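Student: could you look at this predicted model? Sequence included:
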Amino acid sequence: MAQEHIVVGIDIGTHYVYTVVAAVSAEAPLPQIIGIGRARSYGIRRGTIIDLDDAATAVAESVREAEQSAGVKIERAFLSIDGNHIVSLPSRGVVAVSRADGEISDDDVTRVITAAQTVALPPNREILHTLPFEYIVDNEGGLRDVAGMNGLRLEANALIVGGSSGHIKNLERCASSNNIQIDGLVLAPLAAANAVASKRQKELGVLVLDIGGGTTGLAVFEEGNLLYTNVLPMGGDNITNDLAIGLRTTIEVAERIKREYGAALVSEVAKTDRIDLSKFDPKEKDLVLRRDVVEIIEARMSEIFEVVNKELRKIGKEAMLPGGVVLVGGSSKIPYAVDLCKSKLRLPAQVGFPRNVEGIVGSVDDPSFATVIGLVFWGLERSNYQRARIAMPNLTSFGGSVDKLRGWMRAFLP
């Protein structure tokens, strides 16, 4: 039997920490999910660690559950990074081709990407990803794979993604306290796109929208490349908070009401439907109209989509992504969220489910698992098992304080 290669993803979210263990071998065409762990998050607010001990404990619980189901010891993993400290900006690198015969080598490609990293980031930020989307050889642009071509001058247009140095260090401490080595930090919406967006959608132009508990992450692709990314400090918790205030109840009751009776369109709810709050808390005596609950949810989700639309307008892609919107994250499961998204963004929309995995598929067939499954795909892309690549973008992570030099000699575009 062929030897298995193990890849682990850990998604540290505002509400939950998800851990997935995948195995790939020469005999398996798709990654096999062999272990899953999920634990309630503590010490995380809007994607950022605010209590290191609590966060480390949550990671330990999730990892322990995944180890028990997989029957393996987790010693290294790819981790997601999220939060409104994320920044992205375009950059360009320029180098002279080094060989006398003008043939562009892998070393030239590495040098031009390194040159693109010489960009001024905001204070206390460091580079997480350098994602080239175009090469230019002697003023001829639109090139993707230039190794082996001939020319004198090589340029690269790239998207630089950076994150808070403090948060990166906190993630490193969180992992090291659990004796886990970080193989790479991956921006959460970028990881999610690996799992739910098809190659065709990325070519046409698609928005992957990750509506989590504390944040909403955007990843916009066009012509197969990441065009823009951002993380907004709003998400499902804002909906819950609004419900708690509007219904004059606790956060716990508001969250349960959102999950059991929530919807994103008032027009789809009967006018006479009522909710007995005593079902959720014996101290509560009120009956509330379900329409009032849904009205609050629709208002907050509309606000989220309006802010997202402003982000698309900034980059000239408002209502101009033929591949549509792929919704992931816990709040994407609210009934009629897709319909509201279509109306507000004026784009096709769908809920994204992880694709191209086998094994314990039923357990991860959920948009909440998009990011952690995407981390597995990212890890496979960076492993020696290139034959396991299934609709995964060839994106390479650079910079940051984690393994800065790892993978610099790899090809950067398909």
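Tutor: Sure thing, it's come through.

Student: just the helices in the stretch 301-414 of the chain please.
Tutor: 337-345, 361-364, 370-381 (DSSP state H, counting those that start in this stretch).

Student: please identify the most buried of these.
Tutor: helix 370-381 (a mean of 29; mean count of other Cβ atoms under 10 Å). For the C-beta atoms, the positions are set from N, CA and C on the backbone; glycine is no exception.

Student: which neighbouring elements make contact with that helix?
Tutor: strand 5-12, strand 16-24, strand 76-81, strand 181-187, helix 188-196 (3 or more Cβ pairs under 8 Å, 6 or more residues apart in numbering; DSSP states H and E).

Student: and the angle from that helix to strand 181-187?
Tutor: 120 degrees (axes from the mean of the first three to the mean of the last three Cα atoms, to 10 degrees).

Student: could you list the low-pLDDT ranges of this structure?
Tutor: For the chain, residues meeting the criterion pLDDT under 70 lie at 1-3, 28-29, 360-362, 383-414.

Student: show me where the stretch 301-414 of the chain has its strands.
Tutor: In the stretch 301-414 of the chain, the strands defined using DSSP state E, counting those that start in this stretch lie at 325-328, 349-351, 358-359.

Student: take those strands and lay them out in TSV including distance to E172 and mean neighbour count.
Tutor: TSV is the format used below for the strands of the stretch 301-414 of the chain (distance: least, Cβ to Cβ, whole Å; neighbours: other Cβ atoms under 10 Å):
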stretch	distance to E172	mean neighbour count
strand 325-328	26	27
strand 349-351	33	19
strand 358-359	29	17
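
Student: reformat the ones you listed into CSV and put distance to S164 next to each item.
Tutor: Output for these, formatted as CSV (distance: least, Cβ to Cβ, whole Å):
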stretch, distance to S164
strand 325-328, 23
strand 349-351, 30
strand 358-359, 35
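
Student: which one of the ones you listed lies closest to T114?
Tutor: strand 325-328 (32.5 Å; Cβ to Cβ).

Student: give me the contact list for that closest one.
Tutor: Outside of strand 325-328, the residues within contact range by Cβ atoms under 8 Å, 6 or more residues apart in numbering are 192-193, 196-197, 201, 206-211, 337-338, 341-342, 345, 347-352, 367-368, 370-371.

Student: now do stretch 179-187
Tutor: Residues from elsewhere that reach stretch 179-187, judged by Cβ under 8 Å, 6+ apart: 10, 59, 63, 74-82, 86, 128-129, 161, 163, 168, 171-172, 175, 217, 219, 229, 374-375, 378-379, 382, 397, 400, 402-403, 406.

Student: could you do stretch 261-278 as well?
Tutor: Residues contacting stretch 261-278 (Cβ under 8 Å, 6+ apart): 239, 247, 249, 253, 257, 284-291, 293-295, 297-298, 301, 334-337, 339-340.

Student: end to end, how far does that stretch reach?
Tutor: 14 Å (Cα to Cα, to the nearest Å).

Student: that stretch: which residues count as buried?
Tutor: Y261, G262, A263, A264, L265, V266, V269, I275, L277 (16 or more other Cβ atoms under 10 Å).

Student: just the ones in helices from those residues, please.
Tutor: Counting by DSSP state H, the part of those found in helices is Y261.

Student: in the buried residues of stretch 261-278, find the pair that's most separated.
Tutor: L265 and L277, at 22.6 Å, using Cβ to Cβ across the buried residues of stretch 261-278.

Student: do you know how far Y336 is from G323?
Tutor: Y336 is 22 Å from G323, where distance means Cβ to Cβ, to the nearest Å.

Student: and for L185?
Tutor: 27 Å.

Student: neighbour count: these two, which is higher?
Tutor: L185 (25 against 21; other Cβ atoms under 10 Å).

Student: which ones are touching A147?
Tutor: Here A147 is in contact with I104, S105, D106, D108, V109, A411 (Cβ under 8 Å, 6+ apart).

Student: which of those count as buried?
Tutor: I104, D108, V109.

Student: switch those over to TSV; also include secondary structure.
Tutor: Below are the buried ones among the contacts of A147 laid out as TSV (DSSP: H, G, I helix; E, B strand; the rest coil):
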residue	secondary structure
I104	coil
D108	helix
V109	helix
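
Student: what's the closest of those to G37?
Tutor: Using Cβ to Cβ, these come closest to G37 at V109, 37.9 Å.

Student: I figured the closest one hits V146, correct?
Tutor: Yes - assessed by Cβ atoms under 8 Å, V109 is found in contact with V146 at 6.6 Å.

Student: need the residues touching each of those two.
Tutor: Common neighbours of V109 and V146 (Cβ under 8 Å, 6+ apart) are Y135, L154.

Student: what about the strands in the stretch 51-200 of the chain?
Tutor: Counting by DSSP E, counting those that start in this stretch, the strands of the stretch 51-200 of the chain are 76-81, 87-96, 125-137, 140-143, 153-164, 181-187.

Student: pick the most buried one from those strands.
Tutor: strand 76-81 (a mean of 25).

Student: need the contact partners of that strand.
Tutor: By Cβ under 8 Å, 6+ apart, strand 76-81 touches 7-13, 19, 128, 163, 167-168, 171, 175, 180-188, 191, 371-372, 375-376, 378-379.

Student: what's the offset of that strand from the middle of its chain?
Tutor: For strand 76-81, the distance from its own C-alpha centre to the chain's C-alpha centre is 12 Å (Cα atoms, centre = their mean, to the nearest Å).
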